[in-house]
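K.L.:
My questions are about this predicted structure, shown below with the sequence.
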Amino acid sequence: MYFPFVLKELSKRKSRTLTNILTIVTVVIILLLVSGIMNAYSTAVYQPFESINSDLILQKSENTTKISNSQIRIPFGKSQFTQEEIQEISALDHVQSISSSLIIWNFNKKGFISIEGLKPNSEIYASRASQSYKGRFLTDDDEDKAVVEKHFAKFNHWVIGSNISLGDKSFEVVGTLGNDDNGQIFSSNVYLNVNDAQDLIVNKGFNQIYLKIDELSNEEELKLQIKNINENITIISSNSISATLSNTVNIFQKFQYIGIAIILFITVLILLKVNSLNILERRKDIAVMKTVGWTKKAITKQLLSEFIIQTI
């Protein structure tokens, strides 16, 4: 193969060379985007838990058809953990830390507000406090004080010092919370000290538990132990979220490989079409090569080599 001919073909026929380059670049970008989407999914399911420094979130379901008409209520279908259940869970192997909170809903004429009552000095309390955006977070001795998620505060035109009505009580906004966007799945609109939240529903219990475990490899074993305590406990983890979305992901992955195959096939066709035109354009060159003594075999080898190099 005579390399100077190859270099001249690449440099003199700029439009064809540019077409080849742009085609290859486009394919590479598409493949990188597809790969990036899958990698992003793989890491995204863990980020909400990292933002609250927990590995498992526990809720307790109950079979009920009764719907409360109260303005302040426990989320439908959820019940509170007994103190015995909380103690048994905290004593399980592989549990490093446990935090309890109270999730309640407030319905009024203006809409819906999700509220979380936090127990001072708990792990989830510390995680939320670290996300303070403006003002301050709740303190142990705060009464009738509230911290509001910053986007919700902006939507309702609430600022530090504003008074908000929850149930039949008024709370002063002392700060806003800048929840990491990755952790919005577990965020509430308003945060109160747990005593204030419990007073709103006249109940001293907890209905959400956050667990930090020693190793994620022990997750399944711990789930079985929790189910033995009460089979109505719902366990939420990154793996459970991933499993819920697995059907969608499997479909995406199947079409991903089909899509990649189609893209590569179309790319090869484009490159073959573009470079096959080279044979027609080189008719005069072929005639000259024959005139100066090139054999048919040498000409075929040269053109085939150029074709392969330019296509690759």
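P.N.:
Looks like it arrived, so ask away.
K.L.:
in what helix or strand does the closest residue to residue 134 other than its chain neighbours lie?
P.N.:
Nearest-residue entry for residue 134: residue 176, 4.7 Å, with adjacent residues in sequence omitted and distances by CB to CB, 6 or more residues apart in numbering. Bear in mind the C-beta positions are built from the backbone N, C-alpha and C, glycine included. Taking DSSP states H and E as the criterion, residue 176 maps to strand 169-177.
K.L.:
Residues in contact with that strand: which ones?
P.N.:
Defining contact as CB atoms under 8 Å, 6 or more residues apart in numbering, one finds that strand 169-177 is touched by 128, 131-138, 142, 144-150, 153, 158-165, 187, 190-192, 196, 199-200.
K.L.:
what pairs with it, and is each one parallel or antiparallel?
P.N.:
Each strand paired with strand 169-177, and its direction, by DSSP bridges: strand 132-135 (antiparallel), strand 145-149 (parallel), strand 163-166 (antiparallel).
K.L.:
so which of those gets nearest residue 77?
P.N.:
Counting by CB to CB, residue 77 lies closest to strand 163-166 out of the strands paired with strand 169-177; the figure is 21.8 Å.
K.L.:
which of the residues in the strand holding residue 176 are buried?
P.N.:
171, 173-177 (16 or more other CB atoms under 10 Å).
K.L.:
now stretch 188-201
P.N.:
Buried residues in stretch 188-201, counted by 16+ other CB under 10 Å: 188-194, 196-201.
K.L.:
Out of these, which one has the lowest pLDDT?
P.N.:
Comparing pLDDT over the buried residues of stretch 188-201, the lowest score belongs to residue 201 (87).
K.L.:
sorry, back to before: and the buried residues of stretch 188-201, which is closest to residue 117?
P.N.:
Comparing the buried residues of stretch 188-201 against residue 117 with CB to CB places residue 197 closest, at 2.5 Å.
K.L.:
Would you mind giving the domain segments of this structure?
P.N.:
Structural domains annotated on the chain: 3-40+248-311, 52-244, as defined by automatic domain parsing.
K.L.:
Comparing those by mean pLDDT, which bottoms out?
P.N.:
Across the domains of the chain, the lowest-scoring stretch is domain 3-40+248-311, with a mean of 68.
K.L.:
How about the nearest residue to residue 136 once chain neighbours are set aside: which residues does it bridge to?
P.N.:
Beyond its immediate neighbours in the sequence, the residue positioned closest to residue 136 (CB to CB, 6+ apart) is residue 175, lying 4.8 Å away. Counting by DSSP bridges, residue 175 forms beta bridges with residue 135, residue 147.
K.L.:
how about CSV for the buried residues of stretch 188-201, with secondary structure and distance to residue 295 added?
P.N.:
Below are the buried residues of stretch 188-201 laid out as CSV (DSSP: H, G, I helix; E, B strand; the rest coil; distance: CB to CB, whole Å):
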residue, secondary structure, distance to residue 295
188, coil, 82
189, coil, 82
190, strand, 86
191, strand, 85
192, strand, 91
193, strand, 93
194, helix, 91
196, helix, 95
197, helix, 91
198, helix, 95
199, helix, 99
200, helix, 95
201, helix, 95
